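*Asks:* I'd like to go over a predicted model; first the sequence, then the structure.
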Amino acid sequence: IYLPLLIHSLFSLLLLINVRHRPHPGYCLTDQCITVASAVMGALDRSVDPCHDFYNFACGGWVKNNPLPEGKSRWGPFSNLWEHNMLVMKQLLENTTVKGLSKAEEKAQRYYEACMNEAKIEELGAKPLQELINQIGGWALNESWDKDNFQEVLRTVSAGLRTSPFFTVFVSTDSKNSNSNVIQVDQSSLGLPSRDYYLNKTANEKYLTAYLNFLVELGVLLGGSEETSRRMMEEIVDFETTLANITVPQEERRDEELIYHKMEAKDLSTLAPAVDWMPFLNEVFAPVQLNESEPVVVYAREYLQKVSDLITKTNKSLLNNYMMMKVVRKMVSILDQRFQDAEQRFLEVMYGTKKSCTPRWKLCVSDTDSALGFALGALFVKATFAEDSKATAEDMVAEIKLAFEDGLKYVSWMDSETKRAAKEKADAIYNMVGYPEFIMNTTQLDKVFNDFMVVSELYFQNVMQYYNFSARVTADQLRKAPNRNQWSMTPPTVNAYYNPTKNEMVLPAGILQAPFYSRSWPKALNFGGIGVVMGHELTHAFDDQGREYDKDGNLRPWWKNSSVEAFKKQTQCMVEQYGNYSINQEPVNGRHTLGENIADNGGLKAAYKAYVNWIKKNGEEATLPALGMTNHQLFFVGFAQVWCSVRTPESSHEGVITDPHSPSRYRVIGSISNSNDFSKHFNCKANTPMNPKHKCELW
């Protein structure tokens, strides 16, 4: 009598089995799958338990097989891809026989050619810079100096030469009125990468010594005696240490609501009377005419007061020497080999690189990318960027956005009204993929670079022209509305960014290739690579800084107070989690890296969820051969392997002090140890290092 029942239950069991396991599509055995499987395998270190140290499991093999290349202070897939992109750009810049280039593209080739003309650069030696210094009014290196021309020199070096000796002035979108651009004033950067180098003298003694010696050497190359140069540069470094003392640390500047101060230009004179502001602003933003009621946003109010006091009580000759030093530092890399060598020696100490002979073409490609990156970008895109990559990337962004928005439903700490507004903001994020439209239109591209004059042979002169040109472009922005076609990164760049005032994310063509993305790879790797990058940029809209902007890119309180408090409580968990990590006995700064850590965690979660949704829609994909890994495991391994990296102790030290991103190892470990999905697919027992009981959860 029980037989029918038994058959019935067996049948239902079979049904269940079939539902859970669609027939598996087997292995992907295409050439590309075999190649990528071999690369993934080579990077692993199977002797490490993935639940114990996932970074070493995923990257141990890679680290062993990738000693630091000569002359590099850090190395990883990002650098490797950039080197590849540089080679492509080199060929495009050197191919001057090709017909039908736009004027702008020809300018890029001419600029590169002048940079490569070493014979001319050597022949001119220090002369171009010496002449420039004399034009500006000289300095105390070769004569006693008692002129009273502080205001004029400050204007000259800030306007045409784009240096920012005591503070920086620029044009950017007004955070509280995202439809318009406004003049902004902020504290400026120092000669060393961060204020810490000056303030912790004992810990950073070797860097300070190398810096001083470098400056002394520059003084000697520009015609000063060793003795005069040393005396002058010691004064300069002391002065810069005083500046470092009044500079506000980055982690104290993360809340933009607190540091945004809008005023009229005339109020600057009350705030910082040591500067003649109206003549200064009028020269920096010429030919635009400004009056005293011009709006200005100040991001460093207390700093400006202090710097003004410092200027008032400092000897005029020292102020002048300091401003000249800023100009000299900026021009070092465009002078002859002696200057290059001096800088190289300094950078070797600074970043711990082994002496190297970086080929000249790399410097020139990179400089052409800085000056004419959108003209060079047009050449790059036409040569490398398949149009359907753009569509694929846009589809992926849409899938990740959907997954992120779906995740909002499960965010327990946020009230429903704020959640609704957050979903609207995510919906409104604008994606820019590949390149800005104008570069593909010859007329528009030529118009952008129309008054950038590039001459043959004279590299120094071309760079000066570039500074002038970029000053005019900046001034021109002031009376125009912010433009989506204006990118902060050039198309060949291996990077991506989120811009809160435009509520947009930008993915340049340069990053839309292996190891982040390839059309012939399993989706698991694409979602783990470029997918996590997309999720990361998207999450920046909701990190501790991005969350302050609404869907239209305006800085205003759009969250309920209860959710702001809950957000701060949730993020404190991450501040502590990452603050407990250290590199070479130096703790990571959990507050300074908070925004990037939020983006890393949110990006991983959204990309994984999007991958799971993709499988639901399209069925399981074939797995890679020989790895013995499920595609879910492959997703996490692919994510980690993008971050495999090696760097010198000096470079790690600089990273801990200045970089808002955590060190690569912790970008991996930090995110996956907060991921329940990771532990599930790697069967990590509770309380193993990668599956801690207490996890930080935000988005």
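*Replies:* In hand now; what should we look at? Treat the numbers as computed from the prediction; the structure is a model and nothing was measured. Numbering: from 1, shown residues only.

*Asks:* residue ranges with poor pLDDT in this protein?
*Replies:* 1-24 (pLDDT under 70).

*Asks:* quick one, longest strand in it?
*Replies:* strand 177-187 (DSSP state E).

*Asks:* Name every sheet partner of it and say whether each one runs parallel or antiparallel.
*Replies:* strand 167-174 (antiparallel), strand 295-298 (parallel) (DSSP bridges).

*Asks:* Strands of the chain, start to end?
*Replies:* 74-75, 167-174, 177-187, 261-264, 295-298, 430-434, 497-499, 504-508, 582-583, 586-587, 646-647.

*Asks:* Contacts for the fifth one, please.
*Replies:* Strand 295-298 is contacted by residues 174-175, 182-186, 260-265, 267-268, 271, 304 when judged by C-beta atoms under 8 Å, 6 or more residues apart in numbering. Bear in mind the C-beta positions are built from the backbone N, C-alpha and C, glycine included.

*Asks:* at 7 Å what do you get?
*Replies:* 174, 182-185, 260-265, 268, 304 (C-beta atoms under 7 Å, 6 or more residues apart in numbering).

*Asks:* Nearest approach to Leu154 belongs to which of the strands paired with strand 177-187?
*Replies:* Set against Leu154 and scored by C-beta to C-beta, these come closest in strand 167-174, at 10.0 Å.

*Asks:* in the closest one, what's buried?
*Replies:* Phe167, Thr168, Val169, Val171, Ser172, Thr173, Asp174 (16 or more other C-beta atoms under 10 Å).

*Asks:* That strand: how far from the chain's middle?
*Replies:* Centre-to-centre, strand 167-174 and its host chain are 18 Å apart (C-alpha atoms, centre = their mean, to the nearest Å).

*Asks:* Which residues are in contact with Val43?
*Replies:* Residue 43: Ala, not Val. Neighbouring residues of Ala43 by C-beta under 7 Å, 6+ apart: Ala58, Cys59, Gly61, Trp62, Gln641, Cys644.

*Asks:* Now the two most distant members of the residues you listed.
*Replies:* Gly61 and Gln641 (9.7 Å).

*Asks:* I'd say Ser180 and Arg479 touch.
*Replies:* No: checked against C-beta atoms under 7 Å, the pair Ser180 and Arg479 is beyond contact range at 9.4 Å.

*Asks:* all helices for the stretch 101-250 of the chain, in order.
*Replies:* With DSSP state H, counting those that start in this stretch as the criterion, the stretch 101-250 of the chain has helices at 103-116, 118-124, 127-136, 150-159, 196-199, 205-221, 226-246.

*Asks:* could I get those as a markdown table with distance to Asp600 and mean neighbour count?
*Replies:* Compiled in a markdown table, the helices of the stretch 101-250 of the chain are given as follows (distance: least, C-beta to C-beta, whole Å; neighbours: other C-beta atoms under 10 Å):
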| stretch | distance to Asp600 | mean neighbour count |
| --- | --- | --- |
| helix 103-116 | 35 | 22 |
| helix 118-124 | 43 | 14 |
| helix 127-136 | 43 | 16 |
| helix 150-159 | 37 | 20 |
| helix 196-199 | 24 | 20 |
| helix 205-221 | 29 | 19 |
| helix 226-246 | 30 | 17 |
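
*Asks:* For Pro663, which of the ones you listed is the nearest?
*Replies:* helix 196-199 (16.4 Å).

*Asks:* Show me the contact partners of the closest one.
*Replies:* Defining contact as C-beta under 7 Å, 6+ apart, one finds that helix 196-199 is touched by Leu192, Asn204, Tyr207, Leu208, Glu240, Thr241, Ala244, Asn245, Ile657.

*Asks:* And for stretch 257-277?
*Replies:* With C-beta under 7 Å, 6+ apart, stretch 257-277 has contacts from 151, 154, 175-176, 253, 278, 281, 290, 292-299, 301, 304-305, 307-308, 311-312, 548, 555.

*Asks:* Please apply the same query to stretch 596-603.
*Replies:* 532, 535-536, 539-540, 542-544, 571, 574, 578, 660-662, 667, 670-671, 674, 698-699.

*Asks:* filter the residues you listed to the buried ones?
*Replies:* 532, 535-536, 539-540, 542-544, 571, 574, 578, 660-662, 667, 670-671, 674, 698-699.

*Asks:* gap between the closest residue to Ala383 other than its chain neighbours and Lys382?
*Replies:* Nearest residue to Ala383, sequence neighbours excluded (C-beta to C-beta, 6 or more residues apart in numbering): Leu92, at 6.0 Å. Distance of Leu92 to Lys382, computed by C-beta to C-beta, to the nearest Å: 9 Å.

*Asks:* between the two, which one's more packed in?
*Replies:* Higher neighbour count among Leu92 and Lys382: Leu92, with 23 against 13, using other C-beta atoms under 10 Å.

*Asks:* Ile672 versus Trp62, what's the distance?
*Replies:* Distance from Trp62 to Ile672, by C-beta to C-beta: 17 Å.

*Asks:* of those two, who's got more company?
*Replies:* Neighbour tally, Trp62 and Ile672, criterion other C-beta under 10 Å: the higher count belongs to Ile672, 26 against 21.

*Asks:* So the more buried one sits against His681, correct?
*Replies:* No: counting by C-beta under 7 Å, Ile672 stays clear of His681, with 10.4 Å between them.

*Asks:* Could you spell out which stretches of the protein belong to which domain?
*Replies:* 76-125+357-384+441-468, 129-334 (automatic domain parsing).

*Asks:* Span of the shortest one from start to end?
*Replies:* Translated: domain 76-125+357-384+441-468. 36 Å (C-alpha to C-alpha, to the nearest Å).

*Asks:* what about Ser356, neighbour count?
*Replies:* The burial count for Ser356: 13, using other C-beta under 10 Å.

*Asks:* which phi and psi does it have?
*Replies:* phi -150, psi 160 (degrees, to the nearest 10).

*Asks:* Grab the nearest non-local neighbour of it.
*Replies:* Spatially, and ignoring its direct neighbours in sequence, Ser356 is nearest to Gly71 (2.4 Å; C-beta to C-beta, 6+ apart).

*Asks:* I'd like the distance between that neighbour and Gly352.
*Replies:* Counting by C-beta to C-beta, the gap from Gly71 to Gly352 is 11 Å.

*Asks:* Likewise for Lys64?
*Replies:* In terms of C-beta to C-beta, Lys64 sits 20 Å off from Gly352.

*Asks:* And the two? Which one has more around it.
*Replies:* Gly352 (18 against 12).

*Asks:* need the contact list for the residue nearest to Ala383.
*Replies:* Going by C-beta under 7 Å, 6+ apart, Leu92 touches Leu379, Phe380, Ala383.

*Asks:* how near is Ala300 to Val307?
*Replies:* For Ala300 relative to Val307 (C-beta to C-beta), the value is 9 Å.

*Asks:* hmm, I was thinking of Thr156
*Replies:* Distance from Thr156 to Val307, by C-beta to C-beta: 19 Å.

*Asks:* ditto for Leu281
*Replies:* Taking C-beta to C-beta, one finds Leu281 at 16 Å from Val307.

*Asks:* same deal with Gly628?
*Replies:* 61 Å.

*Asks:* circling back to that earlier point, now do the buried residues in the longest strand of the chain.
*Replies:* For strand 177-187, by 16+ other C-beta under 10 Å, it's Asn177, Ser178, Asn181, Val182, Ile183, Gln184, Val185, Asp186, Gln187.

*Asks:* Can you pick out the residue with more neighbours from Gly628 and Val307?
*Replies:* Val307 (23 against 10).
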